[in-house]
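Can you look at this prediction? I've put the sequence above it.
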Amino acid sequence: MSTLKPLSGVKVLDFTQLMAGPSATMLLADMGAEVIKIEQLDGELSRRLGASLKTIFLAYNRNKRSVSMDLKRAEAQEIVKKLVADCDIVVQGFSPGAMDRMGLGYEDLVKIQPRLVYASLSGFGHRGAGAARKGVDAVVQAETGIMAATGDPDGHPFKVGFQVVDGAAGLALAQAILASLRLRDMTGEPQHVSTSLYDVSAFLQGHYFVEASVTGSEVSRTGNTGGELAYPTDMFETSDGGYIQMAAYLPEQWRLLCEAIERPDLYSDPRFADGSSRVANRKLLRTELVNAIGARTRDEWTARFRRNGIIAGPVLAHVDVMRSEEARQNNTFVQSESGDQRYTAVRMPFTSEAYDIPALASAPQLGADTDKVLAELGYTPEAIAALRESGTVAGS
């Protein structure tokens, strides 16, 4: 396997924080880019807002260098401009206009690096009234229909249990950056690309918006089922208090399920003869399946369903996922460290026969690379000390 990676030699300045932006730049780092994370003097938000957010920093900042500085100071802005001169990509997630006010906007930096790819991430887009709004995952879920579509049919709207929009935005932003880098290399021209949590959240639900435009009606919440689309797609409790989620609605899957639960009478019952009949009579069918699935344990059903080729799986907690055979076979997790803390992280969501990421990668300590990066720019030890004394930079 080659030590050369797709982005070897590419340099990135990362001005993002929390999850969406950092996950995008981490993917670039995993693919070989040198990523310098620019943090404020006391660190980005996920370092400072409690233990639960600290795990977000550990999860999405491996393979990066950390430089800590006060971007409001002219001396720090000058350091950034020197870094940009030898940089390929700038990624920023400040409120629209913030980088421009510091003299670090696209028009400012492209004068320094005319082949720059400048990527911007926002909550509600960079145009119109929403541009000034701060956006976070939960609020964007609310305003784009995700919460309205999530939860039990007769219950209240719910947000998805993790930052699904942030995660998807990171993937979208990384893809947009790679496309822009390709176009930059083809044309030699600088590129300015942007995305927002709002746009990504809408894209995730494209079929729902098509449905709403055709029917003129609200999209119904379906809980753990497939709603009017198909049945049985549903979750069932097992005899040991575990849960199984299945999606055995295709004709062959329905036949296999009836065989596996030893209920051939359900397969021959005209009330469940085809997909539309099973949807129409899903309350009655659910009662039958609840009784059947409740007779065995989660692990017993998991093994039986897999033997029979049924699309179903156990509902697992995260600690169980890390111990699962699927995770082991797919090398889903990597062992990482930050300072003296070791932890398990998720590898990038694709593999290549040509390259790999290290088994051990680390999220940087705050400002761990400040002095070294400044020295690489030509700053003397005395100049670095003066910058630290003035409050312009911090770190080792």
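Yes, it's here. Numbering: from 1, shown residues only.

Neighbours of Val219, how many?
By other Cβ atoms under 10 Å, 16 other residues sit near Val219. C-beta here means a position set from N, CA and C on the backbone, and glycine is covered the same way.

swap that for Ala345, please
As a burial measure, Ala345 scores 19 neighbours (other Cβ under 10 Å).

Please identify which helix or strand holds the residue nearest to it when sequence neighbours are not counted.
Nearest residue to Ala345, sequence neighbours excluded (Cβ to Cβ, 6 or more residues apart in numbering): Ser336, at 4.5 Å. For Ser336, the element it lies in under DSSP states H and E is strand 333-338.

And what about the most centrally placed residue in the chain, helix, strand or coil?
Central residue of the chain (Cα atoms, centre = their mean): Gly167, 1.8 Å from the mean position. The three-state label given to Gly167 by DSSP: H, G, I helix; E, B strand; the rest coil is helix.

surely it meets Ala24?
No - using Cβ atoms under 8 Å, Gly167 makes no contact with Ala24, being 10.3 Å away.

Let's test this: mean pLDDT of whichever helix or strand Val319 is part of, rounded?
Counting by DSSP H and E, the element that carries Val319 is helix 318-322. Averaging pLDDT along helix 318-322 yields 96.

got it, and stretch 383-396?
94.

Stretch 236-243 too?
Stretch 236-243 shows a mean pLDDT of 98.

What of stretch 278-285?
Average pLDDT, stretch 278-285: 96.

For it, give me every contacting residue.
Here stretch 278-285 makes contact (Cβ atoms under 8 Å, 6 or more residues apart in numbering) with 225, 228-232, 249, 254, 266, 271-272.

again, only using 7 Å
Here stretch 278-285 makes contact (Cβ atoms under 7 Å, 6 or more residues apart in numbering) with 228, 230-232, 271-272.

How about stretch 10-18?
So stretch 10-18 is contacted by 22, 25, 28, 33-38, 44-46, 56, 64, 83-84, 86-94, 121 (Cβ under 7 Å, 6+ apart).

Wait, a strand at Ser194?
Yes - assignment of Ser194 by three-state DSSP places it within a strand.

Quick one: residues contacting it.
Contacts of Ser194 (Cβ under 7 Å, 6+ apart): 119-120, 126.

What of Val84?
Val84 is in contact with 13, 90, 109, 112-113, 116, counting by Cβ under 7 Å, 6+ apart.

Likewise for Ala33?
7, 10-12.

So which of the contacts of stretch 10-18 sit within helices?
Secondary structure from DSSP state H places 22, 25, 28, 45-46, 56, 83-84 of the contacts of stretch 10-18 in helices.
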